[in-house]
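**Q** Sequence below, structure please.
(one chain, ligands or ions: 1)
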Amino acid sequence: MTVENSIVQHALTVYHDLSTATKATLAISIAFILYRLLFRHESTRRKELPAWGPIEMGLVMYLLDGARNGIVYRVYSAIRRYGGSFYGISSANQTLIGYEDVDRLFSSQMNHALSIEWHGYGLFLRFFGFPDTPTLKKKVESTFKPWHSPIERVFNNDAGATAAFERGNLPKIVSEFVSFSQEKEKMKRWELRADIKVIKQGEAVEANLSALIMDFGACFTIPPIFGHDLLDRNPHLIEDIWKFDHVVPLLFINMPTWAPFKVMKEGIEARKRLLAGVEAFSRRVTQFQRGEKVDDGADISDVSDVVLERNTALERNEWSYQERAASELLVLFASNTNTQPVLFWLILYIYSTPGLVNTLRQEVAPFITLSDSHHDKKGITAINTSGLSRECQLLKSIILETLRLAFGAVSTRFVKRPITVQDGNHNHKLYPGTFLSVPHSFFQRDPSLYPDPHKFVPDRFLETDPSSGKLVAKYGKLRPWGAGASMCRGRVFAEKELMAIGAALVTLWDISPVGGGEWTVPEMVGGPGPVKPKEEVRVVIKRRVFGGVSSSE
Ligand code: HEM
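**A** Modelled structure (predicted):
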C-alpha cells in the first residue's frame, strides 16, 4: 500500500467515526472551500462574467430542451429572477432564450448600455491568469477601439478579406495538400499530426481527417495575419492552439489551473509555450517597426497591417511584451479555433453525402482555374472567390447547414448602463455590472424550424428568390456569427475561407473512408462554440482523376 493510500484510508476511518452533525459541518466546509476555489473571482463580478454563468446557461438549455414538466424545471422556473425570455436565478447573470429581437437589442444604438468590453479584460484574467489590477484594466479599456478596428476593417470587409485571402496562396497549398510521403522532412506542416501512411507510392495515403484539415486550415489562416515568422519559429504552435483550446471552457468556469487532469496540465503547458512564442514575436515586430535590428535576423516584412496597427496601439498604451503576447494570442485564437473545426465538419459532410462531391465539382468549376491538364500534377492556378460567393449557392447552403449542426454561437454582453428590455408583456430592468448571454444555437435543432433536425440536408437553406427566381442560400434564423453590432469581426473572411477551401479541396482531391464502404460520421462532443468529433475519421486520400486521366499519371 502506498503512503497516499494509507493516508486516505486513515482519513476515511476517522470520518466514519464522526457524529452526523460534525460530518455535515465538514461536508459544508469542504463544499465552501471548493466553491471559493472554483469561483474565486466572484468578488470582482462587477467586471467579470460570473463563473456560474456558462454553467447556468448549459443547465437552462438542457431544461428547456426536455419535457418542461420535470421537478427540476418547475423549481428552476419558480425561482428564476425574471419571467418571459429571461432565465437566470441571480440578477448578476441572465440567459435570454426565445427573445424575438436580439439583433435590435444588441444593435449599435444599444451599445452604450450593452457592451462587449468586458471580453478583453475578463479573458486576460481568466484565460491567462493575469492579476486583477486597475492598471491592466485601464490599458485594456483604452486600447479597445484600436484593438478591434483593424480586424473589423480587414476581415469584415470584402476588399480587405479578399486581399488577406490572396496572401494565403490557397491555389499553391491546396495542390500540395498531401505530399505522398511518410518522411517528416518531406511532409507539409499540416500533415505532421495526421498519422499519414503511404498506401501506394505517389497515389494514395491514409490519414486522420480531423487533424489534417484543422492544421491545413490553420496553415492557410495564420500567415496572412502574422506573416511566416510566427509559424516558422514555433514548431508546436498549431498543436498548442488545440491543446490550450481544450482547457478554455474549464478556465471559463474558473477551474483552477492546478486541477489534477491530464488535459489541464497539457493545456497550461501549451499556453506557456504559446505565450512565450507570441511574446518573442511581438518583440521582433516592435523592433521592425522601430527600424531596429530584429532578433535572430528575422524577416518580419510579411506581417499584416492588422498586427502592425495593433502593435502600435499596444505600444502607445504602454503594454508590456507579456501583456501583448496575451492580446495577440486572442487573435490567433479567434481566427482559428472556430473556423478550423467547422472546416473539418464541412469537408466530412461534403465527402460523406452520396453524390454531393460531383454536384459541387460542377457548381464550383467555373470559378477554379486548373493548371494545364497535360501536366503530370494538375493543380489550381486561381480561385475566383467573389464568383464562388455570388454563384455557388449550394456550397453556401452546405456551409450554413454545417454551421447549424456543428457550431453554437453565444453572444454575451455586459450591462454598462441601466436598461429596460421589453419582452412581450414583461418589462425587465437590467442593472449595470450584470451580464446577459444569448445561446443562439438553442433553436438550431428545433424540428419546427428544421425538419429532421439531426440530419445533414445540403440544400436546407436554399430558397427561391422571388425577383430572380433563382435558388439562393439564406441564413433565416441561423445566427452563427452572434448578433448585433458586435457580432464576429472576421465573418467575411471566415465565409470566404470555408467556401474557397471547400471548393478547392473538392476540385483536386478524392477522399473516401478507409477500408472502403460506408462513411461513419462520428458523434459530436463539446459546445457551445464548435463541436469536436468523438473520435478521428481515418480516410484514404488520392488525387482526383480528371476525365479518366489521373492528374498524377
Ligand atoms: C467559422 C468561423 C467563425 C465563427 C463561426 C465565428 C463566430 C463568432 C462568434 C459567435 C463571435 C461572438 C459574437 C458575439 O458576441 O455576438 C465571434 C467573435 C469574434 N470573432 Fe469570430 N467566428 C469565426 C471566425 C473568425 C475569424 C476567421 C476571425 C478573424 C480573422 C474572427 C474574429 C473574431 C473576433 C475578433 C471576435 C470578437 C472577440 C471579442 O472581442 O469578443 N472570427 N466570432
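**Q** Would you map the helices across the stretch 351-500 of the chain?
**A** Applying DSSP state H, counting those that start in this stretch to the stretch 351-500 of the chain gives helices spanning 356-364, 385-391, 393-406, 491-508.
**Q** With mean neighbour count, distance to the ligand and mean pLDDT added, can I get those in TSV?
**A** Just so you know, the C-beta spots here come from the backbone N, C-alpha and C atoms, and that holds for glycine as well. Shown next, in TSV, are these (neighbours: other Cβ atoms under 10 Å; distance: least, Cβ to the nearest ligand atom, whole Å; pLDDT from 0 to 100):
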stretch	mean neighbour count	distance to the ligand	mean pLDDT
helix 356-364	17	19	97
helix 385-391	16	14	95
helix 393-406	24	6	98
helix 491-508	24	4	97
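**Q** quick one, which of these is nearest to C219?
**A** helix 491-508 (11.0 Å; Cβ to Cβ).
**Q** right, and the helix or strand after that closest one?
**A** Sequence order places strand 509-513 as the next helix or strand after helix 491-508, per DSSP states H and E.
**Q** what's the nearest residue to the spatially most central residue of the chain if we skip its chain neighbours?
**A** In the chain, the residue lying closest to the centroid (Cα atoms, centre = their mean) is N338, at 2.1 Å. In space, N338 comes closest to P530 once its chain neighbours are excluded; the distance is 5.6 Å by Cβ to Cβ, 6 or more residues apart in numbering.
**Q** Tell me what that neighbour is bridged to.
**A** F407 (DSSP bridges).
**Q** what does the stretch 251-400 of the chain put close to the ligand?
**A** For the stretch 251-400 of the chain, the residues in contact with the ligand (Cβ under 6 Å from any ligand atom) are 334-335, 338-339, 342.
**Q** switch to 8 Å and redo it
**A** Selection of the stretch 251-400 of the chain residues close to the ligand by Cβ under 8 Å from any ligand atom yields 330-331, 334-336, 338-339, 342-343.
**Q** Most neighbours among those, which one?
**A** L343 (29 neighbours; other Cβ atoms under 10 Å).
**Q** Model confidence for that one, exactly?
**A** With respect to pLDDT, L343 has a value of 98.
**Q** From what I see, it and M214 are in contact.
**A** Yes - judged on Cβ atoms under 8 Å, L343 makes contact with M214 at a distance of 7.1 Å.
**Q** where do the helices sit along the stretch 201-350 of the chain?
**A** Taking DSSP H, counting those that start in this stretch to define them, one finds helices in the stretch 201-350 of the chain at 209-226, 229-233, 237-252, 262-290, 305-316, 321-336, 339-352.
**Q** Reformat those as TSV; add distance to A113.
**A** Formatted as TSV, the helices of the stretch 201-350 of the chain follow (distance: least, Cβ to Cβ, whole Å):
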stretch	distance to A113
helix 209-226	32
helix 229-233	38
helix 237-252	24
helix 262-290	34
helix 305-316	26
helix 321-336	24
helix 339-352	31
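**Q** Of the ones you listed, give the one that comes closest to R74.
**A** Evaluated over those, closeness to R74 peaks at helix 237-252, with 28.6 Å, by Cβ to Cβ.
**Q** In CSV, could you pull the C-alpha coordinates for the closest one?
**A** The C-alpha trace of helix 237-252 is given here as CSV (Å, rounded to 0.1, in the frame of the first residue of the first chain):
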residue,chain,number,x,y,z
LEU,A,237,2.3,26.4,-32.4
ILE,A,238,-0.7,24.7,-34.1
GLU,A,239,-0.8,21.7,-31.8
ASP,A,240,-0.6,24.0,-28.8
ILE,A,241,-3.5,26.1,-30.0
TRP,A,242,-5.7,23.0,-30.0
LYS,A,243,-4.3,21.8,-26.6
PHE,A,244,-5.0,25.2,-25.0
ASP,A,245,-8.4,25.3,-26.6
HIS,A,246,-9.3,22.1,-24.8
VAL,A,247,-8.9,23.8,-21.4
VAL,A,248,-10.5,27.1,-22.3
PRO,A,249,-14.1,26.0,-21.2
LEU,A,250,-12.6,24.9,-17.9
LEU,A,251,-10.8,28.2,-17.4
PHE,A,252,-14.0,29.9,-18.3
